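# A predicted structure for the sequence below; I have some questions about it.
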Amino acid sequence: MPGVGPTAPEQPTDEMGNQLKSADPRPDVPPDYDSHLVPGPPGAPVRPPAGYPGGLPVGYYNPRQPSAFPFCQPTSSAYPVQYQPGNYPVPNQSAPMIWMPGPTPMPDCPPGLEYLTQLDNIHVFQHFEPLEMITRFEMNNKYDVKNNLDQMVYIVTEDTDDFTRNAYRTLRPFVLRVTDSMGREIMTMQRPCRCTCCCFCCPSTRQELEVQCPPGNTIGFVRDHWNLCRVVYSIQNEKKEKVLSIRGPCSTCGCGSDSVFEVKAIDGVSNVGSIVRKWHGLMSVAGQADHFDIHFPVDLDVKMKAMIFGACFLIDFMYYERSPQQRSSR
């Protein structure tokens, strides 16, 4: 209306005035940060986006999911990620032991010797024990028996007490246990204690090895015979009847060359096989890690194969098992 002046602005209410008067932006009570979240209906869980394995950002390790974080993965963090021992899988660096496939049981064949029916050549590797050279303490011998494909056939372990090993050294009586891939003892070889201080030609002083397969059932003997020129052994059956003979070299040291022990028939002329001690240079002189190659016909009686196999260990103990050198006292 004309003649009416402008009205004064409305005064703010008390609530609005209080908000304008508060000049300090810091609230007295921390706000509820979850108040803006509204829970939704239950449903299927949503997978985390790419780059967040296990629900954690890249650069963090989730102990519940050790495979979610690859080893040696570069991260954006300035500090490397450190793991505690035992909280993550460690890859096995050693190569797995490959065994020869187990053959089916055969009639008239001692259990465990079915492997030998398929072979005409086996390799015997002695384990090298550096602790013997350092401490001069004689330890039990261990051997790996492999075929031409480098597959394990048997494991041979000596079972002799500490006193006997270190008191008698190379002349000690011993027991060798042969186990297969299943850990079964399929063969036992025993060497009794024989005194060698008497006359060399006396039969009671000659070395002998008894072969049992399975353990407790004797299948034959390997006997050492005195000879002026060379090494001579005889392979006998369970009745101690001579079946095969072994003729070694005149010198068993084999310095610079292999030592060949020929296996001959009962007539002493026909060759049946051989036991060859391989020469490996300084390792053959300083260490006790011998390597033998055993050859025999594939169609030879499996018991005779086991006897030739057992003769290898008697030869090793008699000529190539060196005791640690004793310290000389003044």
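Great, that's in hand. Predicted, not measured: the structure shown is a model, and the values here were computed from it.
# When you work out contacts or count neighbours from here on, use the C-alpha atoms and nothing else.
Fine.
# And the helices in the stretch 101-250 of the chain, which stretches?
130-135, 162-168 (DSSP state H, counting those that start in this stretch).
# what's the most buried one of the ones you listed?
helix 162-168 (a mean of 14; mean count of other Cα atoms under 10 Å).
# low-scoring pLDDT stretches of this protein, where are they?
Applying pLDDT under 70 to the chain flags residues 1-95, 195-204, 254-255, 281-288, 322-330.
# Report how many residues lie close to the residue nearest to residue 192 when sequence neighbours are not counted.
Nearest non-adjacent residue to residue 192, counting by Cα to Cα, 6 or more residues apart in numbering: residue 173, 5.0 Å away. Residue 173: 17 surrounding residues under other Cα atoms under 10 Å.
# repeat for residue 230
13.
# That one: what's its closest spatial neighbour, skipping adjacent residues?
residue 250 (4.3 Å).
# hmm, back to that, and the helices of the stretch 101-250 of the chain as JSON lines, adding distance to residue 272?
Putting these into JSON lines (distance: least, Cα to Cα, whole Å) gives the following:
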{"stretch": "helix 130-135", "distance to residue 272": "36"}
{"stretch": "helix 162-168", "distance to residue 272": "34"}
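# Quick check: which of these is nearest to residue 265?
helix 162-168 (33.9 Å; Cα to Cα).
# Tell me where the protein has strands.
121-126, 142-146, 152-158, 174-179, 185-191, 208-212, 218-225, 232-237, 242-247, 259-264, 271-277, 291-295 (DSSP state E).
# hang on, residue 218 packs against residue 189?
No - look at residue 218 against residue 189 with Cα atoms under 8 Å: they stay out of range, at 9.5 Å.
# what's the overlap in contacts for the two?
Counting by Cα atoms under 8 Å, 6 or more residues apart in numbering, the common neighbours of residue 218 and residue 189 are 210, 211, 212.
# Neighbours of the residue nearest to residue 212 when sequence neighbours are not counted, how many?
Nearest residue to residue 212 in three dimensions, chain neighbours excluded: residue 218, at 4.2 Å (Cα to Cα, 6+ apart). Neighbours of residue 218 under the rule other Cα under 10 Å: 17.
# Now do the same contact list for residue 218.
Contacts of residue 218 (Cα under 8 Å, 6+ apart): 210, 211, 212, 238.
# Mind picking the one among the residues you listed that's closest to residue 293?
Of those, the one sitting nearest to residue 293 (Cα to Cα) turns out to be residue 211, at 19.4 Å.
# how close does that closest one get to residue 237?
Here the criterion is Cα to Cα, to the nearest Å. By it, residue 211 lies 10 Å from residue 237.
# And residue 309, by the same measure?
From residue 309 to residue 237 the distance is 14 Å (Cα to Cα).
# With adjacent residues omitted, what lies nearest to residue 118?
residue 298 (6.6 Å).
# Surely the one you found is in contact with residue 114?
No - assessed by Cα under 8 Å, residue 298 is found out of contact with residue 114, at 11.9 Å.
# what about these two, which has more around it?
Counting neighbours by other Cα under 10 Å for residue 298 and for residue 114 shows that residue 114 has the greater number, 17 against 14.
# So what's the residue count around the closest residue to the more buried one other than its chain neighbours?
With sequence-adjacent residues excluded and distances taken as Cα to Cα, 6+ apart, residue 114 is closest to residue 103, at 6.1 Å. Residue 103 sits with 13 neighbouring residues when counted by other Cα under 10 Å.
# do the same with the one 10 residues further on
Around residue 113 there are 21 other residues, counting by other Cα under 10 Å.
# Next, the contact list for it, please.
The neighbourhood of residue 113, defined by Cα under 8 Å, 6+ apart, consists of 186, 302, 306.
# Compare the residues you listed and tell me which is most surrounded.
residue 302 (20 neighbours).
# hang on, the earlier thing: spell out which residues are contacts of both of residue 211 and residue 237.
219, 220, 221.
# Buried members of those into ChimeraX, please.
To isolate the buried ones among the shared contacts of residue 211 and residue 237 in ChimeraX, judged by 16 or more other Cα atoms under 10 Å, type:
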select :219,220,221
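# what's the closest of the shared contacts of residue 211 and residue 237 to residue 169?
residue 221 (22.3 Å).
# ok, the closest one - contacts?
Taking Cα under 8 Å, 6+ apart as the test, what residue 221 contacts is 208, 209, 210, 211, 235, 236, 237, 238, 240, 307.
# I'd guessed the fourth one sits against residue 219; true?
Yes - taking contacts as Cα under 8 Å, residue 211 lies within contact range of residue 219: 6.0 Å.
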